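Q: A structural model of the following input is requested.
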Amino acid sequence: MAPTYYLPVSGSQPSFGMRRLIHITVFLAGLAVILLGARYAIARESLRQADLPGLYQQINQESFNGTLTDATVEWWELPEDYGDTRFYSDGRVEIRIDRDSVTDEEQLTETMRHEMCHVATHEEVVRLHQDDHGELFQRCMGRFE
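A: All right, here's what the predicted structure looks like:
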């Protein structure tokens, strides 16, 4: 049998000052939640306006000496991944970034670097029949440590 708990019963009500303090505290806590939620929403919307192709070009220049092939980079809905890279038979490359799971600039940069290492290693991985996240890929990702 579950124990029974009794709350102490007080014969007096909280004072006007105490009730006012409680109301102000609850109001300020609610206001903080609203403001932080708005800040988060603004930051996410700002992230959605990020220049994805520009970020690709920047990382390509800084980390790959501009050697990677051009790629289309877009926001997508990817239910299981932060990002995805597609290679087409005509040589086109497409990078998709998940709009729901990538929530800040740091995560966007990390995801872009990851996908760009797939671009950098794809031909060699296929030629050597290696795992997409194998040794070549790991070496590529090492440049960002």
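Q: drop to CA atoms for contacts and neighbour counts, all remaining ones
A: OK.
Q: E124: how many residues sit nearby?
A: Residues lying near E124 (other C-alpha atoms under 10 Å) number 12.
Q: how does this structure divide into domains?
A: 16-49, 50-142 (automatic domain parsing).
Q: Quick one: the helices in the chain, in order.
A: Listed in chain order, the helices found in the chain under DSSP state H are 16-48, 52-64, 105-128, 135-142.
Q: Can you flag the weakest of the domains of the chain by average pLDDT?
A: Looking at those, the lowest mean pLDDT belongs to domain 16-49 (a mean of 74).
Q: The helices of the chain: which one's closest to R99?
A: helix 16-48 (7.5 Å; C-alpha to C-alpha).
Q: List phi and psi for the most centrally placed residue in the chain.
A: The chain has V102 as the residue nearest its centroid, 2.2 Å off, counting by C-alpha atoms, centre = their mean. Main-chain dihedrals, V102, degrees, to the nearest 10: phi -90, psi 110.
Q: in terms of contact, does it touch Y82 like I think?
A: Yes. The criterion here is C-alpha atoms under 8 Å, and V102 meets it with Y82 at 6.2 Å.
Q: Contacts only, for the residue nearest to the centre of the chain.
A: Applying C-alpha atoms under 8 Å, 6 or more residues apart in numbering to V102 gives the contacts Y82, L108.
Q: same question, the one 10 residues further on
A: Contacts for M112 were tallied using C-alpha under 8 Å, 6+ apart; they are Y56, G83, I97.
Q: Could I have the buried ones of these as ChimeraX selection syntax?
A: Buried residues within these, by 16 or more other C-alpha atoms under 10 Å, are selected in ChimeraX with:
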select :56,83,97
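Q: State the distance from the residue nearest to W75 when sequence neighbours are not counted to G66.
A: In space, and not counting its chain neighbours, W75 is closest to I97: 4.9 Å by C-alpha to C-alpha, 6 or more residues apart in numbering. Per C-alpha to C-alpha, to the nearest Å, I97 is found 21 Å from G66.
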